[in-house]
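S.K.: Sequence and predicted model, in that order:
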Amino acid sequence: MRRVLVVEDEYQVALDLAAQLRKLGCDVQLANEPDSAMELVRKRAPQIAFIDINLRGGFEGLDFAGEIASETNAETVFVTDYSIFDLYGRMPRHGPSMTIFKATCWNLC
């Protein structure tokens, strides 16, 4: 069973992602801010970390990925509302294994 950490401050997004990962047989832990996430990293040593790029409180998931990388060899998957053009040039040098773009809906009325 893969140990997965989801760091996401949008509650519904975190629950939906966790539900899908659990269906795949993953052991999923949730955190909504960096301090509790680092506690889980140290306790559970996740193999994969899904990290929201823009966390509340002005904390960047991009920076947080570096902290996780210094503690474990977990693969990193960024989760974001940003477009690929907004992210160009901002990715950390250790980079993510993958980036997932959240579904965005525009009201066309």
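M.R.: Yep, that arrived.

S.K.: which residues does residue 60 contact?
M.R.: Residues near residue 60 by Cβ atoms under 8 Å, 6 or more residues apart in numbering: 53-54. (Glycine included, C-beta is placed from N, CA and C.)

S.K.: Against residue 74, how distant is it?
M.R.: 18 Å (Cβ to Cβ, to the nearest Å).

S.K.: next one: residue 44
M.R.: Using Cβ to Cβ, we find residue 44 at a distance of 10 Å from residue 74.

S.K.: residues shared between the contacts of the two?
M.R.: With Cβ under 8 Å, 6+ apart, residue 44 and residue 74 have common neighbours residue 5.

S.K.: So for the two, which sits in the more crowded spot?
M.R.: Per other Cβ atoms under 10 Å, whichever of residue 44 and residue 74 has more neighbours is residue 74, with 20 against 14.

S.K.: What segments of this structure are helices?
M.R.: Assigned by DSSP state H, the helices in the chain fall at 11-23, 34-44, 61-71, 84-87.

S.K.: low-confidence ranges in this structure?
M.R.: Filtered on pLDDT under 70, the chain yields the residue ranges 82-109.

S.K.: Closest to the centroid, which residue in it?
M.R.: Centroid-nearest residue in the chain, with Cα atoms, centre = their mean: residue 51, separated by 1.2 Å.

S.K.: wait, residue 49 sits on residue 5?
M.R.: Yes. Using Cβ atoms under 8 Å, residue 49 makes contact with residue 5 at a distance of 4.6 Å.
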